[in-house]
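# Need coordinates for the below:
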Amino acid sequence: MGAHLASLLDDLGGDMAKTRMFISFDYDHDDALKTLLVGQAKNPDSPFELADWSIKEHIDGDWKAKARTRIRAVDVVCVICGGQTDTAAGVSAELEIAKEEGKPHFLLNGYSGKEGKKPKAATAVDKVYEWTWENLKQLVGGAR
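Have a look, this model is predicted:
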């Protein structure tokens with residue numbers, strides 16, 4: 001955002017709309033990572049707001065319909081990759097839905113110094129990015 005536009009928005013008491021993000025993560029193993037991302041969304045310079053996240057329910061047709069509705073309502077999907085994300089059926093299903101809906105997505109390594117496992121729905125071109133504040137802001141902005 002240009003300095004002039006930022007100044008005008010400040011004068012108007014406004015703010016640029018934040019990118020609405022859905023977090024996909026392994027509820028059984030990585031709930032603490034979701035909590036960390038919720039905290040980062042509250043930073044004053046955060047370019048995103050968390051609109052929704054994974055649903056902890058049995059995966060069936062109703063679950064998929066709920067997930068699809070939530071994913072349709074966001075601008076981008078962030079997949080947090082932990083040590084067992086490759087076995088998390090819900091994360092894989094959410095990534096598939098994001099792709100079907102044409103939603104941009106990125107994969108974020110959940111644990112520094114450890115390999116974040118990609119969900120089964122990820123492809124070879126889906127890179128797992130290091131989780132830093134600067135990376136996160138750039139990824140939300142489309143740098144991938």
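# how far is stretch 31-46 from where the chain is centred?
Put simply, stretch 31-46 sits 11 Å off its chain's centre (C-alpha atoms, centre = their mean, to the nearest Å).
# Which residues outside it are in contact with it?
Contacts with stretch 31-46, where a contact means C-beta atoms under 8 Å, 6 or more residues apart in numbering, come from 18, 21, 23, 25, 48-50, 53-54, 78, 80, 82, 110-111, 133, 136-137. C-betas here are computed from N, CA, C, even on glycine.
# let's go with 6 Å and repeat that
23, 25, 49, 50, 53, 80, 110 (C-beta atoms under 6 Å, 6 or more residues apart in numbering).
# Extract the C-alpha set from it and format it as CSV.
The C-alpha atoms that make up stretch 31-46 are tabulated as CSV, following Å, rounded to 0.1, in the frame of the first residue of the first chain:
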residue,chain,number,x,y,z
ASP,A,31,-4.5,-27.6,17.7
ALA,A,32,-1.8,-25.5,19.5
LEU,A,33,-0.5,-24.4,16.1
LYS,A,34,-3.9,-23.0,15.2
THR,A,35,-3.9,-21.1,18.4
LEU,A,36,-0.6,-19.5,17.5
LEU,A,37,-1.9,-18.5,14.1
VAL,A,38,-5.0,-17.0,15.8
GLY,A,39,-2.6,-14.9,17.9
GLN,A,40,-0.7,-13.7,14.9
ALA,A,41,-3.8,-12.6,13.2
LYS,A,42,-4.3,-10.1,16.0
ASN,A,43,-1.0,-8.3,15.3
PRO,A,44,-1.5,-4.7,14.4
ASP,A,45,0.3,-5.2,11.1
SER,A,46,-1.5,-8.4,10.2
